[in-house]
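Novice: have a look at this fold, sequence not included:
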């Protein structure tokens, strides 16, 4: 998944992107602490393979999430819905003329 290095759009559902972003946040926090996946797994009581899956997919069981949040000091809650973007104004509807007409 090197699409973030290219100028191509990422073609995946929002929910998958949110999970992967959560995995990336966990990986970045681990890197900041200069820990290997093995060391982080040992610290929270899971295997290196579990950490690998969590960092890749962002998916995990609730007990693992709680331990990671506590150990890494992160809030790993997911966004429930995509952010709402402001709808562009339609000409003539709700637009106030700049010159006061």
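Specialist: Yep, it's here. The shown structure was predicted, so the numbers you read here are calculated from the model rather than taken from an experiment. Numbers count the residues shown, from 1 in each chain.

Novice: tell me how far residue 45 lies from residue 13.
Specialist: Here residue 45 is placed at a distance of 32 Å from residue 13 (CB to CB, to the nearest Å). No exception for glycine: its C-beta is placed from N, CA and C like everyone else's.

Novice: ugh, wrong one, residue 58
Specialist: 13 Å.

Novice: more neighbours: the two, which one.
Specialist: Neighbour totals were compared for residue 58 and residue 13, and residue 58 leads with 21 against 9 (other CB atoms under 10 Å).

Novice: could you list every residue that touches that one?
Specialist: 18-24, 26 (CB atoms under 8 Å, 6 or more residues apart in numbering).

Novice: separation between it and residue 26?
Specialist: Remark: distance between residue 58 and residue 26 (CB to CB) = 8 Å.

Novice: ok, now residue 54?
Specialist: 6 Å.

Novice: need the residues touching each of residue 58 and residue 26.
Specialist: With CB under 8 Å, 6+ apart, residue 58 and residue 26 have no common neighbours.

Novice: list buried residues within the contacts of residue 58.
Specialist: 19-20, 22-23, 26 (16 or more other CB atoms under 10 Å).

Novice: for the strand or helix carrying residue 71, buried residues please.
Specialist: Here residue 71, judged by DSSP states H and E, is contained in helix 62-72. Under the neighbour-count criterion of 16+ other CB under 10 Å, helix 62-72 has 64-65, 67-68, 71-72 buried.

Novice: mind giving me the packing neighbours of it?
Specialist: Contact partners of helix 62-72 among helices and strands, from 3 or more CB pairs under 8 Å, 6 or more residues apart in numbering; DSSP states H and E: helix 14-32, helix 37-44, helix 48-57.

Novice: okay, and for this structure, where does confidence drop off?
Specialist: Low-confidence segments of the chain, defined by pLDDT under 70: 1-10, 79-101.

Novice: before we move on, back to that, nearest to residue 38, of the contacts of residue 58?
Specialist: residue 26 (14.7 Å; CB to CB).

Novice: can you tell me the closest non-neighbouring residue to the closest one?
Specialist: residue 55 (5.6 Å; CB to CB, 6 or more residues apart in numbering).
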